[in-house]
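Colleague: Show me how the following folds:
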Amino acid sequence: MRRDISSDPTEILRSQRLEVVPYAPRVAALSECLGIDLSATLFALTNLPLCQERDTHAAVRRAAARLISERTETLRAAIPDMVRTHCAVLCVPGRVDLMQEVIGPLVSDTISILIDMPIDVAEHDHISRVFSQALGVAKRRKMDHALGQLTTRLRQTFSNADESVVGLKLAFTILGRDAMLGTFGCTLHDLVQKVDGGAWSALDWPDTPTRTGVPYIDRIALEDVTVGGEALEAGSNIRARLADYETAEDPRSRIGFFGAGAHVCLGRALTLDLWRGISRFMAQSTARPHVLEFALRRDDVFHIPQILFLEIEAP
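Modeller: Next up, the predicted model:
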């Protein structure tokens, strides 16, 4: 049973008496129960740093940090041109599908540079559902097929790489994709609503996004434990609501979107670099955006706009 408790999310995430959700064992049990092959999903889950328990987490995290550091300089150098290419459409009059025309391609380019292999984010639209607890059999099979195709392409591209490297590149594709899609999409929706027909340049562009695509992280109690003044039994699911930081009185608290403790997001610095690149470019535009239509994707894990149409008017 999952418990929502009124506690600072960082207290939950830093607790040494709480553990990550056992996604891989759950999927393995489901695969056996239903008699379906979910081997590609299991490969992904066993390579995601945030799914690692304490005995394996530190080593996997070090390896992930090393891969990211190897691509950081290249990615940071590419940000201005990527932003200019994909965000230019937001500076001229017309109707813009923000997710399909701007955020999606920008995220695709970012991840392509990070893993050093071109990808099409739309092509792998199902891979991020790996954390979902509400998928039917048909969607699970479709997701597993997409994960298998991407894994095969990674193995072919990096034929001399160890399987652990392939697994981490797959992990970056899964985690980076939806976290950035949701965070950038929801933040731009929030900011455009606040400017109320004013120019992009009139926005108070924050250093940290105002919304997160990762509204919560779940943990499991290893033993009977007290969190936020509430006693919880061993085995209880506990939710750290990162979205609480969206309404924090101090905007500096929004850095909490990226988690805390041993599992703090390894991509935090690059994500903030990309966000600030977007901010700097858009702050120069006097075009005036309006939200025409907005709806979140039906998703039990991420907050990602399914529909976000803007009308851009001339200055």
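Colleague: Next secondary structure element downstream of the one helix or strand Ile111 maps to?
Modeller: Assigned by DSSP states H and E, Ile111 falls within helix 104-115. Where DSSP H and E defines the elements, the next helix or strand beyond helix 104-115 is helix 137-157.
Colleague: elements contacting the helix or strand sitting right after that next one along the chain?
Modeller: Moving toward the C-terminus from helix 137-157, the next helix or strand (DSSP H and E) is helix 163-195. Packing partners of helix 163-195 (3 or more Cβ pairs under 8 Å, 6 or more residues apart in numbering; DSSP states H and E): helix 39-45, helix 54-87, helix 104-115, helix 137-157, helix 268-282, strand 288-296, strand 305-313. From N, CA and C alone the C-beta is placed, and that goes for glycine too.
Colleague: Can you give the contact residues for the helix holding Ile111?
Modeller: 68, 71, 74-75, 78, 82-83, 86-87, 118-122, 154, 169, 172-173, 176-177, 180-181, 184, 270, 274, 278 (Cβ atoms under 8 Å, 6 or more residues apart in numbering).
Colleague: and if you look at stretch 278-290?
Modeller: The contact list for stretch 278-290 (Cβ under 8 Å, 6+ apart) reads 80, 83-84, 87, 90-93, 106, 184, 192, 195, 197-201, 203, 205-207, 310-315.
Colleague: Just the C-alphas of it, formatted as CSV.
Modeller: Coordinates of each C-alpha in stretch 278-290 appear next as CSV, following Å, rounded to 0.1, in the frame of the first residue of the first chain:
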residue,chain,number,x,y,z
ILE,A,278,16.5,28.5,-23.8
SER,A,279,16.0,31.4,-21.4
ARG,A,280,18.8,33.6,-22.8
PHE,A,281,17.6,33.1,-26.4
MET,A,282,13.9,33.7,-25.7
ALA,A,283,14.5,36.7,-23.5
GLN,A,284,15.7,38.6,-26.6
SER,A,285,12.4,38.1,-28.5
THR,A,286,9.6,40.7,-28.4
ALA,A,287,7.1,38.3,-30.0
ARG,A,288,4.0,37.7,-27.9
PRO,A,289,2.9,34.1,-27.1
HIS,A,290,-0.5,33.0,-26.2
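Colleague: Tell me the buried residues in it?
Modeller: Ile278, Ser279, Phe281, Met282, Ser285, Ala287, Arg288, Pro289 (16 or more other Cβ atoms under 10 Å).
Colleague: One more: stretch 143-152?
Modeller: Under 16+ other Cβ under 10 Å, the buried positions of stretch 143-152 are Met143, Asp144, Ala146, Leu147, Gly148, Leu150, Thr151.
Colleague: Please identify the one among those that lies nearest to Arg298.
Modeller: Nearest to Arg298 among the buried residues of stretch 143-152: Met143, at 14.7 Å, using Cβ to Cβ.
Colleague: Run a quick neighbour tally on Glu70.
Modeller: 11 (other Cβ atoms under 10 Å).
Colleague: What separation do you get for it and Arg14?
Modeller: 29 Å (Cβ to Cβ, to the nearest Å).
Colleague: and if you look at Ile127?
Modeller: 29 Å.
Colleague: Looking at the two, which is more packed in?
Modeller: Under the criterion of other Cβ under 10 Å, the comparison of Ile127 against Arg14 puts Ile127 first, with 24 against 16.
Colleague: between the buried residues of stretch 143-152, which is nearest Gln100?
Modeller: Distances from Gln100 to the buried residues of stretch 143-152, taken as Cβ to Cβ, are shortest for Ala146 (18.4 Å).
Colleague: thinking that closest one is in contact with Arg129, fair?
Modeller: No - at 9.0 Å, Ala146 and Arg129 do not qualify as touching, with contact defined as Cβ atoms under 8 Å.
Colleague: which stretches of the chain aren't confidently modelled?
Modeller: 1-7, 121-126 (pLDDT under 70).
Colleague: what's the one residue sitting closest to the centre of it in contact with, if anything?
Modeller: The chain has Ala179 as the residue nearest its centroid, 1.4 Å off, counting by Cα atoms, centre = their mean. Shown in contact with Ala179 (Cβ under 8 Å, 6+ apart): Gly213, Val214, Cys265, Gly267, Thr271, Phe302.
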